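Enquirer: 3D model of this:
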Amino acid sequence: MEHNVAVVDGNRVQVPNDWWGDVLRTVSDGDRRMIVEDAAGNRFVLVSEARYRALEEAERGQAPSRPGVSLTAREQEILQMIADGCPGSVVAERLGLAPNTVAQHLASVRRKYGVRSSAAAAAVARQDGLIS
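Expert: So this is what the prediction gives:
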């Protein structure tokens, strides 16, 4: 089994190639960054999409657009439940909503934050103090 080396919180660890799905999910779920070093010694930094966008905006001399993001009470409630590990179908059942309604609220939140996953949106909302 081939391995690559990753630097996590300052520690060098070998990451088997078949673990990369988990590694990428961990990075995309929050503001954790990971430095990856391949067998040839090339180094790469993995960051969440939200963090990458903020870095791009800062590089262009703009303030990140995130501070202007506001979520409705229902969006916050649904996103909190998703962040707590509830699948969308469970959220819908507990709140007495149609599953499609929950999906639409989550799509709205993802659009507002400019991210592709609800987990990434939850991580950014947590950083912004909108969910716990």
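
Enquirer: what's the distance between Arg33 and Met81?
Expert: 27 Å (C-beta to C-beta, to the nearest Å). For every residue, glycine as well, the C-beta is placed using N, CA and C.

Enquirer: quick one, which of these two is more surrounded?
Expert: Met81 (20 against 15; other C-beta atoms under 10 Å).

Enquirer: mind listing what the more buried one touches?
Expert: Met81 makes contacts with Val90, Val91, Arg94, Leu95, as judged by C-beta atoms under 8 Å, 6 or more residues apart in numbering.

Enquirer: Pipe the residues you listed into a markdown table and attach distance to Gln14 and pLDDT per row.
Expert: Compiled in a markdown table, the contacts of Met81 are given as follows (distance: C-beta to C-beta, whole Å; pLDDT from 0 to 100):
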| residue | distance to Gln14 | pLDDT |
| --- | --- | --- |
| Val90 | 37 | 94 |
| Val91 | 38 | 94 |
| Arg94 | 42 | 94 |
| Leu95 | 44 | 95 |
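
Enquirer: Let me know how buried Trp19 is, in neighbour terms.
Expert: Residues contacting Trp19 under the criterion other C-beta under 10 Å number 15.

Enquirer: What are the phi and psi values at it?
Expert: phi -100, psi 0 (degrees, to the nearest 10).

Enquirer: ok now the top helix by length along the chain, how far from the chain's centre?
Expert: As assigned by DSSP state H, the longest helix anywhere in the chain is helix 99-113. Computed by C-alpha atoms, centre = their mean, to the nearest Å, the chain-centroid distance of helix 99-113 equals 15 Å.

Enquirer: Which neighbouring elements make contact with that helix?
Expert: Using 3 or more C-beta pairs under 8 Å, 6 or more residues apart in numbering; DSSP states H and E, the elements in contact with helix 99-113 are helix 73-83, helix 88-95, helix 118-127.

Enquirer: in the chain, which helix or strand is least confident?
Expert: Using mean pLDDT, DSSP states H and E, strand 3-8 stands out as the lowest-scoring helix or strand of the chain, at a mean of 66.

Enquirer: ok, Lys112 touching Thr72?
Expert: No. Between Lys112 and Thr72 there is no contact, the gap being 10.0 Å when judged by C-beta atoms under 8 Å.
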